[in-house]
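Asks: coordinates only, sequence not included:
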């Protein structure tokens with residue numbers, strides 16, 4: 001308000017500091033970069049860094065890499081610097097990035113829908129052995145991750161992967177990352193609808209397209225027509241879930257705005273039924289909303305879940321229909337609850353063509369290149385040229401004749417890949433951890449493997465489905481909030497007052513069956529050394545106190561703190 005001569009201007013009431021300053025939303029005219037990440041993306045598209053990797057960095061070596069490429073744009077091609085060996089968890093949040101960086105990289109191979117031929121799997125295994133010191137972890141995003149990659153070797157690795165139809169394009173970065181898909185799409189007897197054609201068309205339109213290569217943050221996707229709800233749809237930015245419409249038949253229920261990390265949110269249904277042929281258009285509409293309306297001021301609020309939480313499902317659907325699709329979506333039903341708890345497809349299952357698929361469990365997703373090449377050999381020897389990765393760090397061999405099943409199972413078990421694993425082998429998941437991750441505070445993979453062995457030895461009679469998810473930091477790559485027992489890595493004090501590796505405990509989270517986040521018991525933290533004792537103790541109390549047929553999460557919801565500590 002303008003001031004009257006001789007009088008002070010009337011003060012405008014002060015609004016609470018926050019969103020009125022603008023969230024950097026392009027759709028409302030806010031194009032000025034508001035943080036360093038937005039600036040380097042404006043300076044040069046992340047997809048352009050490939051040329052510099054091939055022509056400069058791979059020839060001149062690690063020290064030649066521009067910092068904005070090293071810790072920014074190279075993620076657009078699946079590359080992260082890994083943690084320098086010997087740096088303990090207490091220094092994770094203290095040291096500068098250049099102090100944490102090793103001169104080696106993690107490289108993520110993008111595997112949309114978890115679909116691999118045995119030829120592709122063999123090449124992944126060979127690259128692991130030749131360039132990655134044998135590393136090749138299966139992630140809960142259906143990808144494979146290498147470590148110890150030298151920048152000098154990246155062009156040849158790309159050449160070998162692309163020769164068999166694989167890619168690292170936008171496997172990381174502020175991009176449309178891998179599309180999770182049912183690993184038994186097109187073959188399962190109980191499938192509602194096969195989402196594979198939609199995944200293929202989205203890849204063709206979106207991945208590597210500069211119209212979608214500068215998003216506010218990462219964009220996680222899932223498409224599955226399985227009634228098992230096998231792609232963790234509740235915690236993706238966008239998910240298409242198979243349903244049967246009473247009038248229109250098979251199609252997908254549309255969810256948006258899920259995600260975990262330090263501000264977990266379950267995705268919300270838009271109440272819209274999407275036929276298979278329309279999935280790519282709807283996907284493009286949702287990712288465009290994220291690009292145009294997503295928050296770009298604070299990285300901590302830049303995921304789609306924050307926009308969905310502020311707008312609500314009704315407004316989000318209205319903007320999608322009016323501004324991006326130009327037509328209304330059809331109302332539709334919610335997915336039905338799955339009839340079984342496990343949704344990882346482990347075990348021997350009949351396909352709709354009469355053949356079988358065989359799912360098996362490594363330990364916490366940790367395999368190696370030699371094992372992957374042997375899996376390819378075993379699968380081919382038993383008549384299969386197709387394998388799959390799952391969103392639970394498992395693998396599946398498809399198209400096995402009944403006469404070959406027993407021999408295949410024997411071959412897998414000889415590689416320590418369990419087709420009938422214990423609940424602990426089957427249900428334990430771990431992120432990369434401090435071994436390689438610059439964000440981690442504690443070790444995870446080896447700890448998860450040793451926990452499995454301890455629990456199998458101590459309580460071999462335990463036969464209930466149980467998920468134990470181990471994360472090296474608060475970022476929840478291993479989905480700690482939605483596990484029966486979720487373990488968030490942090491430094492804790494032991495009985496002698498010494499600072500040691502340990503975990504904050506989350507209990508009773510779930511996906512699929514009454515999805516929700518785990519309960520944090522006040523002050524409940526355990527040291528890494530105490531972890532087997534604690535898990536044995538709480539599972540023992542569950543066995544004693546549970547009601548008939550009661551799941552662990554339901555027991556946790558009603559149990560007293562003394563039973564959970």
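Replies: Happy to help now that I have it. In this text the structure is predicted, and so the values were computed from the model without any measurement.
Asks: CA atoms for contacts and neighbours, from now on please.
Replies: OK.
Asks: what's next to stretch 308-315, contact-wise?
Replies: Contacting residues not belonging to stretch 308-315 are listed as 256, 257, 268, 269, 270, 316 [CA atoms under 8 Å, 6 or more residues apart in numbering].
Asks: Would you confirm that the first one contacts residue 268?
Replies: Yes - A contact is recorded between residue 256 and residue 268 when judged using CA atoms under 8 Å, the distance being 5.5 Å.
Asks: neighbour count winner among the two?
Replies: Summary of the neighbour comparison: residue 256 and residue 268, criterion other CA atoms under 10 Å, with residue 256 having more neighbours (26 against 21).
Asks: Now do the contacts for that one.
Replies: Taking CA under 8 Å, 6+ apart as the definition of contact, the neighbours of residue 256 are 236, 237, 238, 239, 267, 268, 269, 270, 304, 305, 308.
Asks: Need the residues you listed in a markdown table (columns: pLDDT, secondary structure and distance to residue 39).
Replies: Listed next are those as a markdown table, based on pLDDT from 0 to 100; DSSP: H, G, I helix; E, B strand; the rest coil; distance: CA to CA, whole Å:
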| residue | pLDDT | secondary structure | distance to residue 39 |
| --- | --- | --- | --- |
| 236 | 98 | coil | 26 |
| 237 | 98 | coil | 24 |
| 238 | 98 | strand | 26 |
| 239 | 98 | strand | 30 |
| 267 | 96 | coil | 30 |
| 268 | 97 | strand | 31 |
| 269 | 97 | strand | 34 |
| 270 | 98 | strand | 33 |
| 304 | 98 | helix | 20 |
| 305 | 98 | helix | 23 |
| 308 | 98 | helix | 25 |
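Asks: Need those in TSV (columns: distance to residue 102).
Replies: Below are these laid out as TSV (distance: CA to CA, whole Å):
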residue	distance to residue 102
236	31
237	31
238	34
239	36
267	36
268	40
269	42
270	44
304	31
305	33
308	37
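Asks: Just name the closest of those to residue 222, please.
Replies: When the contacts of residue 256 are compared for distance to residue 222 (CA to CA), residue 239 wins out at 4.6 Å.
Asks: nearest spatial neighbour of the closest one, skipping sequence neighbours?
Replies: Distances taken as CA to CA, 6 or more residues apart in numbering put residue 222 closest to residue 239, at 4.6 Å, once the chain neighbours are dropped.
Asks: Run a quick neighbour tally on the one you found.
Replies: What residue 222 shows, counting by other CA under 10 Å, is a neighbour count of 28.
Asks: Of all residues in the protein, which one is nearest the centre?
Replies: Centroid check for the chain by CA atoms, centre = their mean gives residue 141 as the closest residue, at 4.1 Å.
Asks: pLDDT of the helix or strand containing residue 81, averaged?
Replies: Here residue 81 sits within strand 79-83, counting by DSSP states H and E. For strand 79-83, the per-residue pLDDT values average out at 97.
Asks: Next, the buried residues of the helix or strand that comes right after that strand.
Replies: Moving toward the C-terminus from strand 79-83, the next helix or strand (DSSP H and E) is helix 97-100. If you call a residue buried by 16 or more other CA atoms under 10 Å, then helix 97-100 has these buried ones: residue 100.
Asks: ok now the least confident helix or strand in the chain by mean pLDDT, how far from the chain's centre?
Replies: In the chain, the helix or strand scored least confidently by mean pLDDT, DSSP states H and E is strand 519-527, which has a mean of 88. In terms of CA atoms, centre = their mean, to the nearest Å, the gap separating the centre of strand 519-527 from the centre of its chain is 25 Å.
Asks: Stretch 326-342 too?
Replies: Going by CA atoms, centre = their mean, the spacing between the C-alpha centre of stretch 326-342 and its chain's C-alpha centre is 21 Å.
Asks: now swap in stretch 468-483 and tell me
Replies: Its chain's C-alpha centre and that of stretch 468-483 lie 11 Å apart, by CA atoms, centre = their mean.
Asks: what residues does it touch?
Replies: When contacts are defined by CA under 8 Å, 6+ apart, stretch 468-483 is touched by residues 140, 260-262, 264, 424, 427-434, 439-444, 448, 467, 484-490, 506-511, 515-518.
Asks: distance between the ends of that stretch?
Replies: Terminal residues of stretch 468-483 are spaced 6 Å apart (CA to CA, to the nearest Å).
Asks: same deal with stretch 76-91?
Replies: End-to-end distance (CA to CA), stretch 76-91: 27 Å.
Asks: can you list the residues that contact it?
Replies: Around stretch 76-91, the neighbours that count as contacts under CA under 8 Å, 6+ apart are 46-47, 50, 70-71, 74, 99-109, 147-148, 168-175, 434-438, 440-442, 491, 501.
Asks: Show the buried residues in these.
Replies: With neighbours counted using 16+ other CA under 10 Å, these contain these buried positions: 46-47, 50, 70-71, 74, 100-109, 147-148, 168-175, 434-438, 440-442, 491, 501.
Asks: What segments of the stretch 251-400 of the chain are helices?
Replies: With DSSP state H, counting those that start in this stretch applied, the stretch 251-400 of the chain shows helices at 279-293, 304-311, 313-319, 369-381, listed in chain order.
Asks: Mean neighbour count and distance to residue 125 for the ones you listed - can I get that in JSON lines?
Replies: Rendered in JSON lines, the data for the helices of the stretch 251-400 of the chain read as follows (neighbours: other CA atoms under 10 Å; distance: least, CA to CA, whole Å):
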{"stretch": "helix 279-293", "mean neighbour count": "21", "distance to residue 125": "32"}
{"stretch": "helix 304-311", "mean neighbour count": "19", "distance to residue 125": "35"}
{"stretch": "helix 313-319", "mean neighbour count": "17", "distance to residue 125": "43"}
{"stretch": "helix 369-381", "mean neighbour count": "21", "distance to residue 125": "4"}
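Asks: Output the ones you listed in CSV; the columns should cover distance to residue 79.
Replies: Rendered in CSV, the data for the helices of the stretch 251-400 of the chain read as follows (distance: least, CA to CA, whole Å):
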stretch, distance to residue 79
helix 279-293, 23
helix 304-311, 23
helix 313-319, 33
helix 369-381, 19
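Asks: thinking again about what came up before, next step: the buried ones among the contacts of stretch 76-91 restricted to helices.
Replies: The helices in this structure, assigned by DSSP state H, contain 50, 70, 100 from these.
Asks: Which pLDDT does the model give the second one?
Replies: By that I understand residue 70. Per-residue confidence for residue 70 comes out at a pLDDT of 98.
Asks: What residues does it make contact with?
Replies: With contacts taken as CA under 8 Å, 6+ apart, residue 70 has the following neighbours: 80, 81.
Asks: Now with 7 Å, please.
Replies: Residues counted as contacts of residue 70 (CA atoms under 7 Å, 6 or more residues apart in numbering): none.
Asks: pLDDT score assigned to the nearest residue to residue 372 once chain neighbours are set aside?
Replies: Beyond its immediate neighbours in the sequence, the residue positioned closest to residue 372 (CA to CA, 6+ apart) is residue 125, lying 5.2 Å away. pLDDT for residue 125: 98.
Asks: correct me, but residue 125 touches residue 369?
Replies: Yes - here residue 125 lies in contact with residue 369, judged by CA atoms under 7 Å, at a distance of 3.9 Å.
Asks: Make sure residue 130 is indeed in a helix.
Replies: Yes - residue assignment for residue 130, taken from DSSP: H, G, I helix; E, B strand; the rest coil, places it within a helix.
Asks: Residue 192: neighbour count?
Replies: Other residues near residue 192 number 21, with proximity taken as other CA under 10 Å.
Asks: Tell me, how many residues neighbour the nearest residue to it once chain neighbours are set aside?
Replies: Here the nearest residue to residue 192 in space, its sequence neighbours aside, is residue 225; by CA to CA, 6+ apart that works out to 5.1 Å. Here the count is done by other CA under 10 Å, and residue 225 has 32 residues near it.
Asks: Repeat that for residue 557.
Replies: By other CA under 10 Å, the residues close to residue 557 number 13.
Asks: which residue packs closest to it, ignoring adjacent ones?
Replies: Using CA to CA, 6+ apart and skipping residues adjacent in sequence, the residue nearest residue 557 is residue 508, 6.8 Å away.
Asks: In this structure the one you found contacts residue 520, no?
Replies: No - taking CA under 7 Å as the definition, residue 508 is not a contact partner of residue 520, at 9.1 Å.
Asks: All set now, cheers.
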